[in-house]
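Chemist: Attaching a predicted model along with its sequence, questions to come.
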Amino acid sequence: MISVAQDRADRSAPARIAAILPCYRSSAHVLDVIAAIGPEVEFIVCVDDACPDKVGDHIEAGTKDTRVVVLRHAANQGVGGAVCTGYAHALDLGADILVKIDSDGQHDPAEILALADPIARGDADYTKGNRFFNIEDLQGMPTIRLLGNAGLSFLTKLSSGYWSVFDPTNGYTAVQARVIERVPLDKLAKRYFFESDLLFRLGTLRARVVDVPMTAIYADEVSQMQVGKIVMPFLAANIVNFHKRLFYNYVLRNFSVASLYFIGGGPLALIGMIRGVRAWADGVADARPATSGQVMLAALPILVGVQMLLSFVAYDVEAEPRTAIWPLLRSKRLLAPKKA
């Protein structure tokens, strides 16, 4: 058993921060990123995701920073797989806050504390960068990314339930160890849908997510993400997560008035549209206008159904988690018996 005094002491101790760097074709920038990481970070975990340029060897040969640990994948697993490997190792090291930072120089290491601070204060379980906060900063963002992120942000709001967050594909994130321990890392998407999928999983835990304004850096790095190829997979995955979230949150865990709104609203609106189309088709075939009764039988279900769906959306927006859960959780490491 853990005493109240022990738990308070654990929460008041300085947070041990680990930086997770997924590495793939980033040899030109990764050493500069590592050198810029400040002393507030206790561990630097670099994951060579089967990079053909052997970026892991490049890191070990180019830095003497004792905080650096290089892990290697035998086969490429994608950015999500690399981050999950880094998360697992950082947890084994005893880190409290795990910051994921790109190794290609797009993220400023000086902003690590800005991401970690809300978590250390107990105000958030997960923080993420938001490149859309300062309008002036968007001038340096490629147009295709600007438009793509706007669309993907809305889809992720629907699938995760985090209506107040934006820029879901931003890879500059931080998470509290006690929270990530409760995320099934083996079930997370392994490639570019990783960040959006993690938000969905955090939503099922009722974790609090906070956006942190940041500036993206676009220089000569080559992005491995091809927007045209990920649009449809992102759309399909968000639709799947949306339906999972509705079932988990409004049927399995908490059946409420909001559950009735979304269960009844869609079918009512659909019934009204079907009736309306049929009445219109019959009118065209018989060359006669629809009666007032036919119009009402079509319009009323549509109006009621749409109103129910709008009420559900309003409820869902208000239900977004507002309180961090990690101070209430017990760490698996704390519960584990001490070795003699």
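Modeler: That came in fine, so what should we check first?

Chemist: Find the residue ranges of the protein scoring beneath the pLDDT cut-off.
Modeler: Residue ranges of the chain with pLDDT under 70: 1-13, 136-142, 145, 216-230, 330-340.

Chemist: tell me which element the residue nearest in space to the middle of the chain is part of?
Modeler: Closest residue to the average C-alpha location of the chain: L199 at 3.1 Å, with Cα atoms, centre = their mean. Applying DSSP states H and E as the criterion places L199 in helix 194-205.

Chemist: Alpha carbons of the helix or strand following that helix, as CSV, please.
Modeler: Once the chain leaves helix 194-205, the next helix or strand it forms, by DSSP H and E, is strand 209-213. Provided in CSV are the C-alpha atoms of strand 209-213 (Å, rounded to 0.1, in the frame of the first residue of the first chain):
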residue,chain,number,x,y,z
VAL,A,209,-5.5,17.6,-23.4
VAL,A,210,-4.1,21.2,-23.7
ASP,A,211,-2.8,23.0,-26.8
VAL,A,212,0.4,24.9,-26.4
PRO,A,213,1.2,27.7,-29.0
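
Chemist: How far off centre is stretch 78-93?
Modeler: What separates the centre of stretch 78-93 from the centre of its chain is 15 Å, taken as Cα atoms, centre = their mean, to the nearest Å.

Chemist: Name the single longest helix found in this protein.
Modeler: Taking DSSP state H as the criterion, the chain has its longest helix at helix 257-286.

Chemist: Check which helices and strands the following helix or strand past that helix is in contact with.
Modeler: Remark: after helix 257-286, the chain's next helix or strand is helix 292-318, criterion DSSP H and E. Helix 292-318 makes packing contacts with helix 257-286 when contacts are defined by 3 or more Cβ pairs under 8 Å, 6 or more residues apart in numbering; DSSP states H and E. The C-beta positions use only the backbone N, C-alpha and C, and glycine is treated the same way.

Chemist: So what angle separates the directions of the helix it packs on and helix 292-318?
Modeler: Going by axes from the mean of the first three to the mean of the last three Cα atoms, to 10 degrees, helix 257-286 is angled at 150 degrees with respect to helix 292-318.

Chemist: Run through the neighbouring helices and strands of helix 257-286.
Modeler: Helix 257-286 sits against helix 292-318, with contacts defined as 3+ Cβ pairs under 8 Å, 6+ apart.

Chemist: buried ones in the helix it packs on?
Modeler: For helix 292-318, burial by neighbour count (16 or more other Cβ atoms under 10 Å) applies to 294, 297-298, 301-302, 305, 308-309, 311-313, 315-316.

Chemist: Closest one of those to I44?
Modeler: D316 (38.8 Å; Cβ to Cβ).

Chemist: Quick check: chain neighbours aside, which residue is closest to that closest one?
Modeler: G161 (6.3 Å; Cβ to Cβ, 6 or more residues apart in numbering).

Chemist: Give me the neighbour count for the one you found.
Modeler: Counted with other Cβ atoms under 10 Å, the neighbours of G161 add up to 25.

Chemist: Distance of it relative to I112?
Modeler: Look at G161 and I112: by Cβ to Cβ, to the nearest Å, they are 27 Å apart.

Chemist: Also D286?
Modeler: For D286, the distance to I112 - Cβ to Cβ - is 71 Å.

Chemist: and the two? which has more neighbours close in?
Modeler: The neighbour comparison of D286 against I112 (other Cβ under 10 Å) goes to I112, with 22 against 8.
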